[in-house]
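Visitor: Quick one: sequence plus predicted model below, questions after.
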Amino acid sequence: MTRILLALALAGSASLPAFAQSTMMSGDTMSCSDYTAMDSAGQMKAMETMDAGMSADDQMKSGEMLASTCKDHPDMMVDDAMKMSH
């Protein structure tokens, strides 16, 4: 029983970064430092959520512009950085 609980605890703690990354997709609640800390897959997922209806190419271009804007303004909210980069 102890081994099962230990295995569940380890598995749960290993999945926390992915869970945190997937739950922080709203541009008005995510800072630029959160966005730039994500891996490329997380950033693309965030762009898909924020720019629903855009093509993949447009999302990629927006993501690159957002990353550039966020690099200079890490404390800015992503939603505000998106407005600056468009």
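Guide: It's in.

Visitor: Surely residue 66 touches residue 80?
Guide: No - using Cβ atoms under 8 Å, residue 66 is not in contact with residue 80; the gap is 10.6 Å. C-betas here are computed from N, CA, C, even on glycine.

Visitor: The two: which is more packed in?
Guide: Neighbours of residue 66 and residue 80, each counted by other Cβ atoms under 10 Å, are more numerous for residue 66; the result is 26 against 15.

Visitor: could you list every residue that touches that one?
Guide: Taking Cβ atoms under 8 Å, 6 or more residues apart in numbering, we find residue 66 in contact with 35, 47, 78, 81-82, 85.

Visitor: Next up, phi/psi of it, please.
Guide: When read as degrees, to the nearest 10, the backbone of residue 66 gives phi -60, psi -40.

Visitor: Tell me the confidence at it?
Guide: According to the predicted model, the pLDDT of residue 66 comes to 87.

Visitor: now swap in residue 56 and tell me
Guide: Per-residue confidence (pLDDT) for residue 56: 77.

Visitor: returning to that earlier point: which residue in the contacts of residue 66 has the weakest pLDDT?
Guide: Ranking these by pLDDT, residue 85 lands last with 69.

Visitor: contacts for stretch 76-86?
Guide: 26-32, 34-35, 46, 50, 62, 65-66, 68-70, 73.

Visitor: so what's residue 33 up against?
Guide: Residues 70, 74-75 are the ones in contact with residue 33 under the rule Cβ under 8 Å, 6+ apart.

Visitor: need those residues in a markdown table with distance to residue 39 and pLDDT, can you?
Guide: Conversion of the contacts of residue 33 to a markdown table gives the following (distance: Cβ to Cβ, whole Å; pLDDT from 0 to 100):
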| residue | distance to residue 39 | pLDDT |
| --- | --- | --- |
| 70 | 15 | 90 |
| 74 | 17 | 90 |
| 75 | 21 | 91 |
